[in-house]
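Peer 1: Provided below for reference: sequence and predicted model.
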Amino acid sequence: MPIRRLVSSDAAAFQSLRLAGLRGSSSAFGSSYEEECDTPLSTIEARLAPDSGRNMFGAFDGEQLVGIVGVGRETAFKTRHKAYVRAMYVAESHRGRGIGRQLMEHALAFAATMEDVLRVTISVTAGNAEAVGLYESLGFIEFGREPDSMIVDGRFHDEIMMSRALAVVPSME
C-alpha cells in the first residue's frame with residue numbers, strides 16, 4: 001500500500017477521514033468530532049503545507065486515503081531527543097489488512113531520520129487491545145497510565161503511554 005507525506009491538496013480527503021475517525025472511534029482520540037467538524041478547509045491546508053512543521057502521512061488505496069499517522073518531535077532542549085506518534089487511524093473498511101502496521105513502520109522510519117531523536121512515544125486508550133498489540137509488536141512498552149484521562153459519552157477512559165527506543169541510548173557513566 002503506498003504511503004506518502006500528505007500535502008495541502010490532500011486537505012479534503014484528510015478532513016473527511018479524520019472526521020470519520022472522530023465520529024466512529026470517539027474514544028480513540030483526545031479531540032472530538034464536535035471540535036473539528038467546522039474547521040475550515042483552509043486551516044487543514046495550512047497544517048499540511050510543507051513549511052508547517054507538521055509531518056502527516058497517509059496510506060492510499062488507489063486514490064482513496066484510507067489511513068493516517070502523524071509524527072512530531074519535542075522542541076525543548078532537554079526533551080528534543082523524543083519524537084511522538086499521534087492521530088493514527090485506519091478506515092474501518094480497510095482494517096485487518098496490515099495498513100496500521102505499515103503506517104507505524106513508516107512513522108518509525110521517519111522518526112529515525114530526525115536528527116538526535118532516540119525515543120518515540122505514543123498514547124492509546126486503554127481497552128483498545130488491537131492498537132496496544134500492534135504497538136507492543138513494534139517494540140513499544142507501557143511506561144504509564146493516566147486514569148480517567150477522557151470522558152466520552154459519560155464514560156471514563158484511561159490512557160496508556162508507551163515508548164520505544166530508536167537507537168542505543170548513550171551511557172551516562
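Peer 2: Perfect, I can see it now. Numbering: from 1, shown residues only.
Peer 1: Toward the C-terminus, what is the element adjacent to the helix or strand encompassing residue 67?
Peer 2: In this assignment (DSSP states H and E), residue 67 forms part of strand 64-73. Toward the C-terminus, strand 64-73 is succeeded by strand 82-90 as the next helix or strand (DSSP H and E).
Peer 1: Report the inter-axis angle for that next one versus strand 64-73.
Peer 2: Orientation check (axes from the mean of the first three to the mean of the last three C-alpha atoms, to 10 degrees): strand 82-90 against strand 64-73 gives 160 degrees.
Peer 1: after strand 82-90, next one along is what?
Peer 2: Later in the chain than strand 82-90, the nearest helix or strand by DSSP H and E is helix 99-112.
Peer 1: ok, and what's touching that next one?
Peer 2: By C-beta atoms under 8 Å, 6 or more residues apart in numbering, the residues outside helix 99-112 that reach it are 1, 3, 55, 57, 59, 66-71, 73, 83, 85, 88, 90, 117, 120, 131, 134-135, 137-138, 166-167. C-beta: built from backbone N, CA, C; applies to glycine.
Peer 1: quick one: strands adjacent to the strand holding residue 67?
Peer 2: strand 55-61 (antiparallel), strand 82-90 (antiparallel) (DSSP bridges).
Peer 1: returning to that earlier point: in ChimeraX, how would I select just the buried ones from the contacts of helix 99-112?
Peer 2: If you want just the buried ones from the contacts of helix 99-112 in ChimeraX, going by 16 or more other C-beta atoms under 10 Å, the selection is:
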select :3,55,57,59,66,67,68,69,70,71,73,83,85,88,90,117,120,131,134,135,138,166
